[in-house]
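Q: Any chance you could fold what I've pasted below:
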Amino acid sequence: MTGLRLSEGEISLADSRVLIVDDNRGSRALLGALVAQVGVGNIEYAMDGEEGLAKIASFLPDLVLLDVRMPKMDGFEMCRRLRQNRAQADLPVLIQTALNDDGSRADSFRAGATDMVSKPVVPIELMARVRIHLEKRLLIRNLSAYQERVAQELHSARAMQLGLLPKDTWVADVGARHGLVISSHFEASSEIGGDIWDMVEIDDGRLGLFICDFSGHGVTAALNTFRLHTLVRQTPPGDSDPGAWLTGINARLKGLLPPGQFATLLYAILDTVNDTFTYASAGSPSPILGIGGTADVVGSEGLFLGVTADAVYQTRTVPLPPGGFVFLYSDALTESLGVDGRSLNEDGLLDLVRGNLGKPSEAPLRDVLDTFFASVPRPLPDDLTAVWIARR
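A: Residues are numbered from 1 along each chain as shown. The predicted structure is shown next:
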């Protein structure tokens, strides 16, 4: 008898388990010998459908080789009952039958068979089909395990990335000390994203903050947020001129980013003593500034971070008196398509903010985002960060 030899690159079936269900002792012996030649290391037998179902529960096979005509319970009935168990919905079942008419073949598949093998047995055909279905099951199992591991790793990475963001309790405490109401929203388009924002207390009257959006999203963009977070910790902004600090960060970040990667970033100092908002932008979306019951955008020109190491960034200062606010955001707000196939753009977002200013609300950021998500479906195509800072 000639078997199928394990050639280079083929998957070992030594740990695979096959259940042979056949009432004929000679057939069981022949089938067992053929399955063993494929390389299967664990073979169990049953003489009818009832015993076969019991063996499945205890043996947990990777494939069932099933005869049709048996006492007590035939192969069709066993297969039907097997498929009623959701846990065994994907278990490969090879029905061996001498019935070759179309109706009998259709009955086999209606009963839940995965494949059919002819009877009397053709050794090469049977061994080939057994190997194909066992290898497929192993590959699917390995893929499922890999996907589960990746999902767990992404979940851990998401928790780590969320740990980079300012804690809500700390943000509230900082706001109270500086006479500010600070609201924020972070939403990754996938498990992890390329947005990050943070704050630093410079002194009793000044608060520094930045918002950054790396190109792309997912793992690559998320890794870049960790790179930036490390840089910021090594070179804290303090009371540096925002443009000078951004220039230094860009020079260092350029050497760390993979080719083709870049980021938008805005760093600002909010001064509650001098009533000013001083900032520098590396291509960040235009901040929206609210004063005296109205709102408008302020300029945010500047070369993206990571494009060239010798970029220089300009510092701007605008007034921000008590009662005013500043709204910072990533471009998911302006570029995500709504159900009508159109995006807000900066003008549309400004109109949305202005439209919500007249509403009596203690949570203007929530109002803006509620209006936004009423017409823009989730999940978003890009990561979203939004920070609203209002002076009392």
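Q: Now for the chain, the helix or strand with the poorest mean pLDDT.
A: helix 102-111 (a mean of 80; mean pLDDT, DSSP states H and E).
Q: just checking, what packs against it?
A: If you count contacts as 3 or more C-beta pairs under 8 Å, 6 or more residues apart in numbering; DSSP states H and E, helix 102-111 packs onto helix 75-83, strand 93-97. C-betas here are computed from N, CA, C, even on glycine.
Q: quick one, which of these is nearest to Ile196?
A: helix 75-83 (49.5 Å; C-beta to C-beta).
Q: That closest one - contacts with which helices or strands?
A: Helix 75-83 packs on helix 49-59, strand 63-67, strand 93-97, helix 102-111, going by 3+ C-beta pairs under 8 Å, 6+ apart.
Q: that older thread, now the angle from the least confident helix or strand of the chain to strand 63-67?
A: Interaxial angle of helix 102-111 relative to strand 63-67 (axes from the mean of the first three to the mean of the last three C-alpha atoms, to 10 degrees): 140 degrees.
Q: Report the contact partners of Ala106.
A: For Ala106, the contact set (C-beta atoms under 8 Å, 6 or more residues apart in numbering) is empty.
Q: Deepest in the core, which of the helices and strands packed on helix 75-83 is it.
A: Ranked by average neighbour count under the criterion mean count of other C-beta atoms under 10 Å, the helices and strands packed on helix 75-83 are headed by strand 63-67 at a mean of 27.
Q: average pLDDT for that one?
A: On average, the pLDDT along strand 63-67 is 95.
Q: For Pro242, give its distance to Ala159.
A: According to C-beta to C-beta, to the nearest Å, Pro242 stands 31 Å off from Ala159.
Q: Please say which of those two ends up with more neighbours.
A: A direct count of neighbours by other C-beta atoms under 10 Å for Pro242 and Ala159 places Pro242 higher, at 23 against 10.
Q: Now do the same for that one: its pLDDT.
A: 96.
Q: mind putting the helices and strands packed on helix 75-83 in CSV, distance to Phe372 included?
A: Shown next, in CSV, are those (distance: least, C-beta to C-beta, whole Å):
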stretch, distance to Phe372
helix 49-59, 53
strand 63-67, 52
strand 93-97, 51
helix 102-111, 50
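Q: So which of these is nearest Ser361?
A: helix 49-59 (59.9 Å).
Q: Would you mind pulling up the elements that the closest one packs against?
A: strand 17-21, strand 42-46, strand 63-67, helix 75-83.
Q: Let's see that with 7 Å instead.
A: Other helices and strands packing on helix 49-59, by 3 or more C-beta pairs under 7 Å, 6 or more residues apart in numbering; DSSP states H and E, are strand 17-21, strand 42-46, helix 75-83.
Q: which residue is nearest the middle of this protein?
A: The centroid of the chain falls nearest to Glu191 when counting by C-alpha atoms, centre = their mean (3.4 Å).
Q: So it lies in a helix, does it not?
A: No - counting by DSSP: H, G, I helix; E, B strand; the rest coil, Glu191 is not part of a helix but coil.
Q: Model confidence score at Asn100, please.
A: Listed pLDDT for Asn100 reads 65.
Q: ok, now Leu139?
A: pLDDT at Leu139 comes out at 92.
Q: Arg158 too?
A: Looking at Arg158, the pLDDT reads 82.
Q: need the helices and strands packed on helix 102-111 in TSV with mean pLDDT and distance to Arg252, can you?
A: Below are the helices and strands packed on helix 102-111 laid out as TSV (pLDDT from 0 to 100; distance: least, C-beta to C-beta, whole Å):
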stretch	mean pLDDT	distance to Arg252
helix 75-83	92	61
strand 93-97	90	61
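Q: Of all those, which one comes closest to Leu265?
A: That would be helix 75-83 among those, by C-beta to C-beta, at 56.5 Å.
Q: Now the closest one: buried residues?
A: For helix 75-83, the buried set under the neighbour-count rule, 16 or more other C-beta atoms under 10 Å, comprises Gly75, Phe76, Glu77, Met78, Cys79, Arg81, Leu82, Arg83.
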